[in-house]
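>>> Fold the following, please.
(one chain, ligands or ions: 1)
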Amino acid sequence: MSEPNHNGIDSFRNNLKSIIDSFASSFLRSGKPTSDKSRASAMFNNFFLHVQGVKTHMNTLRPTYTLGLGLISLFLLLITTVSGVVLMIYYNPSIENAYNTVKDITYVVIGGSLSRNIHKWAGEGMIIFVLFHMARVFFTGSYKKGREFNWVIGIALLVITFGINLSGYMLPWDQLSYWALVIVANIIQSPKEITDSLGITQYFDVGGFSKELFLGGLNAGKESLTRVYLLHVMLFPILMFIFLGVHFWRIRKDGGLTKPDSFEPQESDAQLFSPPEKKGGIFTTNKTYGLMELAGGRTPAVDKDVENTVLSWPNLLIAELAVFFICFAGVVVYSFFIDAPLKELANPLIPENPAKAPWYFLGLQELLSYSAFMGGVGLPGIALLGLALIPYLDREQEHVGVWFSGKQGKSVALQALLAGTPVLVGLLAFVISFGWFRNWWPNVPQLLITLVNPGNLWVVFMMLWSVWVIKKTGSTRMGAIALFTMFLVSFVILTYVGTELRGPNWGFYWSHSQWPPH
Ligand code: HEM
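Okay, here's the model as predicted:
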């Protein structure tokens with residue numbers, strides 16, 4: 001038998017003592033980042049971090065540029081995902097049990113109510129922050145310079161964000177869920193308005209077919225809940241994470257975020273960022289990387305003005321952590337005080353009056369009250385297509401990375417706001433006070449209302465205004481700014497009207513307190 005190896009025992013003891021340190025350095029592969037080189041390699045070699053560059057442009061880190069909105073959207077998504085998994089432990093997607101399990105989560109399960117609130121508010125927060133993020137990207141012209149396709153990916157993310165929220169709204173199977181499901185089914189069925197007007201529904205009932213496909217039958221029932229559940233926990237999340245993967249990969253390949261050509265570091269930047277060890281750091285060239293010698297075509301652009309970059313570790317990571325904690329704290333505090341609603345068990349015999357979709361769809365529901373097809377399919381389709389095409393219709397490459405593309409853009413946006421608001425409010429006030437064609441001529445053909453209704457008139461006005469701006473300024477970017485500003489105005493005003501000013505039978509009320517008791 002050989003002698004016991006004391007060195008072996010000693011090194012085992014030492015290994016045990018330093019287990020935490022060695023685990024931490026194995027996690028970062030290159031050990032604790034203590035020099036510029038190891039900081040760079042910590043970013044480069046980490047699976048989660050390497051989607052970001054080793055160095056980050058100072059402009060990206062200025063809080064006034066991105067406002068952290070994309071990151072907030074991402075963190076809200078992560079919070080929603082984690083809290084959603086907690087809810088899945090108890091939730092049962094059958095019409096017999098769904099409501100009771102949500103009730104249990106809310107009133108019986110320890111921490112259940114908080115988890116449900118966090119899930120609900122982080123999810124709905126995403127809608128607001130994704131819209132804000134889109135507005136930031138738009139107003140800084142960041143859909144240009146190779147980022148056109150990423151903008152289109154962004155539009156897909158926007159749609160998925162709405163879809164994932166809407167499908168979740170239906171899961172508790174209370175009165176709110178059930179009647180929202182009915183409204184959505186009616187929206188999906190709305191092409192019937194056209195096929196009925198043309199008298200071809202019996203041959204080509206695309207509306208009826210889509211509705212049945214969505215509900216899993218003629219009416220909302222157990223198959224519908226299964227389908228909505230599938231959309232909520234499987235289809236939309238998978239699509240969301242795939243598109244997000246592409247979204248971030250594209251940002252990386254585009255050389256990070258946009259920045260103004262005229263970027264000049266300021267004194268305040270020096271206080272904000274931790275400087276590299278020596279000027280120029282370890283990456284002092286303007287080279288791009290990629291298989292340039294072997295493959296033709298475009299290569300990923302790496303920061304061209306390399307002097308204005310700082311190491312991502314720690315500068316970017318600290319900023320990201322700060323945004324995460326603020327975001328997390330905000331959601332938890334909000335969820336602590338405000339409860340997610342839960343009404344009575346769904347009852348197909350007692351319609352909610354007004355039966356409303358969730359708030360983020362109430363702008364559409366307002367348009368729907370003028371024409372089911374235009375409100376449900378036509379106008380949202382035009383809006384999404386219009387948004388997706390922005391980078392292809394406006395190809396001017398100047399002033400990228402500058403808010404509103406400068407002074408002129410600011411005044412174009414302001415004019416669009418000041419002109420659009422009274423026109424839209426006036427149009428809505430007119431419809432509310434005097435009605436529309438059907439109220440004046442009860443037998444008017446539906447097709448005429450589909451073609452000429454307040455929603456369509458408003459869209460035509462926005463387009464004409466934008467074309468006029470292009471003509472006046474000679475710039476497609478200015479036309480796009482005018483149109484996009486009016487799109488935001490429409491979303492806000494229509495959502496407000498649908499949420500606050502519409503009561504029973506979709507009548508107009510100044511406030512909830514005026515609703516007749518029922
Ligand atoms: C789930 C939704 C989304 C998430 C989580 C997300 C996340 C992000 C993040 C973290 C960034 C980098 C930092 C920042 O700009 O804050 C970014 C950049 C970008 N996003 Fe999104 N985004 C989403 C939706 C959208 C939408 C709706 C659009 C536009 C329609 C969009 C277009 C872009 C573009 C073009 C960039 C690059 C901007 C630049 O170069 O300055 N994203 N996104």
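
>>> so where does the residue nearest the centre of the chain fall, helix or strand?
Nearest to the mean C-alpha position of the chain, by CA atoms, centre = their mean, lies Val130 at 3.2 Å. If you go by DSSP states H and E, Val130 is part of helix 112-139.

>>> Pretty sure Ala388 sits against Leu157.
No. Applying CB atoms under 8 Å as the test, Ala388 and Leu157 come out as separate, 11.9 Å apart. (Glycine included, C-beta is placed from N, CA and C.)

>>> ok, those two, which is more surrounded?
For the pair Ala388 and Leu157, the greater number of neighbours falls to Leu157 (22 against 17), based on other CB atoms under 10 Å.

>>> Quick check: nearest residue in space to the more buried one, chain neighbours excluded?
Spatial nearest neighbour of Leu157, chain neighbours left out: Phe243 (5.4 Å); criterion: CB to CB, 6 or more residues apart in numbering.

>>> what does the stretch 151-300 of the chain have sitting close to the ligand?
Trp151, Gly154, Ile155, Leu157, Leu158, Thr161, Leu244, His247, Ile251, Leu257, Thr258 (CB under 6 Å from any ligand atom).

>>> brain fart, the chain
For the chain, the residues in contact with the ligand (CB under 6 Å from any ligand atom) are 66, 69-71, 73-74, 77, 130, 133-134, 137, 142-143, 147, 150-151, 154-155, 157-158, 161, 244, 247, 251, 257-258.

>>> Take those and keep only those in helices.
66, 69-71, 73-74, 77, 130, 133-134, 137, 150-151, 154-155, 157-158, 161, 244, 247, 251 (DSSP state H).

>>> Would you write a PyMOL line that selects the buried entries of those?
Selecting the buried subset of those in PyMOL, with 16 or more other CB atoms under 10 Å as the burial test, is done by:
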select buried, resi 66+69+70+71+73+74+77+130+133+134+137+150+151+154+155+157+158+161+244+247+251
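
>>> how about the helices in the stretch 301-450 of the chain?
Here the stretch 301-450 of the chain has its helices, by DSSP state H, counting those that start in this stretch, at 312-337, 362-368, 372-373, 379-393, 407-434, 437-440, 446-451.

>>> pLDDT weak spots in the stretch 1-150 of the chain?
Across the stretch 1-150 of the chain, the ranges flagged by pLDDT under 70 are 1-6.

>>> Tell me the spacing between Leu316 and Leu49.
9 Å (CB to CB, to the nearest Å).

>>> So the two - more neighbours on which side?
Leu316 (23 against 18).

>>> show me the residues around the nearest residue to that one once chain neighbours are set aside that make contact.
Nearest non-adjacent residue to Leu316, counting by CB to CB, 6+ apart: Thr56, 4.6 Å away. Thr56 is in contact with Gly256, Thr309, Val310, Leu311, Ser312, Asn315, Leu316, counting by CB atoms under 8 Å, 6 or more residues apart in numbering.

>>> Just confirm Thr56 is within a helix.
No. Using DSSP: H, G, I helix; E, B strand; the rest coil, the assignment for Thr56 is strand, not a helix.

>>> how about the helices in the stretch 151-300 of the chain?
Here the stretch 151-300 of the chain has its helices, by DSSP H, counting those that start in this stretch, at 175-189, 192-198, 206-215, 222-230, 236-253, 267-272.

>>> most packed of those helices?
With neighbours defined as mean count of other CB atoms under 10 Å, the helices of the stretch 151-300 of the chain peak in mean count at helix 175-189, which reaches a mean of 22.

>>> what's the spacing between that one and its chain's center?
Chain-centre distance of helix 175-189: 22 Å, with CA atoms, centre = their mean, to the nearest Å.

>>> likewise stretch 335-349?
Using CA atoms, centre = their mean, the offset of stretch 335-349 from its chain centre is 24 Å.

>>> contacts for it?
95, 99, 102-103, 106, 113-114, 116-121, 172-178, 219-220.

>>> Could you identify the buried members of those?
Buried among those (16+ other CB under 10 Å): 95, 99, 102, 106, 113-114, 116-121, 172-178, 220.

>>> Indicate the residue of the stretch 351-500 of the chain located nearest to the ligand.
In the stretch 351-500 of the chain, the residue that lies nearest the ligand is Leu387 (6.6 Å; CB to the nearest ligand atom).

>>> Just list the residues touching that residue, thanks.
Neighbour list for Leu387: Ile155, Phe487 [criterion: CB under 8 Å, 6+ apart].

>>> same thing with Val51?
Contacts of Val51 by CB under 8 Å, 6+ apart are Phe248, Trp249, Arg252.

>>> And the second one, how far from Val51?
Looking back up the chat, that one is Trp249. 7 Å.

>>> ok and the residue in the stretch 1-150 of the chain nearest the ligand?
Closest residue of the stretch 1-150 of the chain to the ligand, CB to the nearest ligand atom: Gly70 (2.5 Å).

>>> Quick check, that residue in contact with Phe132.
No. With contact defined as CB under 8 Å, Gly70 does not count as touching Phe132 (9.5 Å).

>>> ok, and what's touching the helix or strand of the chain with the lowest mean pLDDT?
Within the chain, no helix or strand scores below helix 267-272, which has a mean of 75 by mean pLDDT, DSSP states H and E. Contacts to helix 267-272, defined as CB under 8 Å, 6+ apart, come from residues Met58, Leu61, Arg62.

>>> same thing with stretch 484-491?
Residues contacting stretch 484-491 (CB under 8 Å, 6+ apart): 131, 135, 138-139, 363, 383, 386-387, 390, 412-413, 416-417, 420-421, 424, 458, 462, 465-466.

>>> Skipping adjacent residues, who's closest to Thr195 in space?
Thr201 (4.3 Å).

>>> In the stretch 301-450 of the chain, where is pLDDT below threshold?
Scanning the stretch 301-450 of the chain with the threshold set as pLDDT under 70 gives 301-304.

>>> Recalculate using a threshold of 80.
301-307 (pLDDT under 80).

>>> The stretch 151-300 of the chain too?
For the stretch 151-300 of the chain (pLDDT under 80), the answer is 268-300.

>>> of all of it, which residue lies closest to the ligand?
Gly154 (2.1 Å).

>>> Does that residue touch Val137 like I think?
Yes. The pair Gly154 / Val137 is scored as a contact, 6.9 Å apart, by CB under 8 Å.

>>> Specify the beta-bridge partners of the closest residue to Phe273 other than its chain neighbours.
The shortest distance from Phe273 to any residue other than its chain neighbours is 4.5 Å, reached at Val310 (CB to CB, 6+ apart). Val310 forms beta bridges with Thr56, as assigned by DSSP bridges.

>>> Please look at Val310 and Leu61 and confirm they touch.
Yes. Here Val310 reaches Leu61: they are 7.2 Å apart, a contact under CB under 8 Å.
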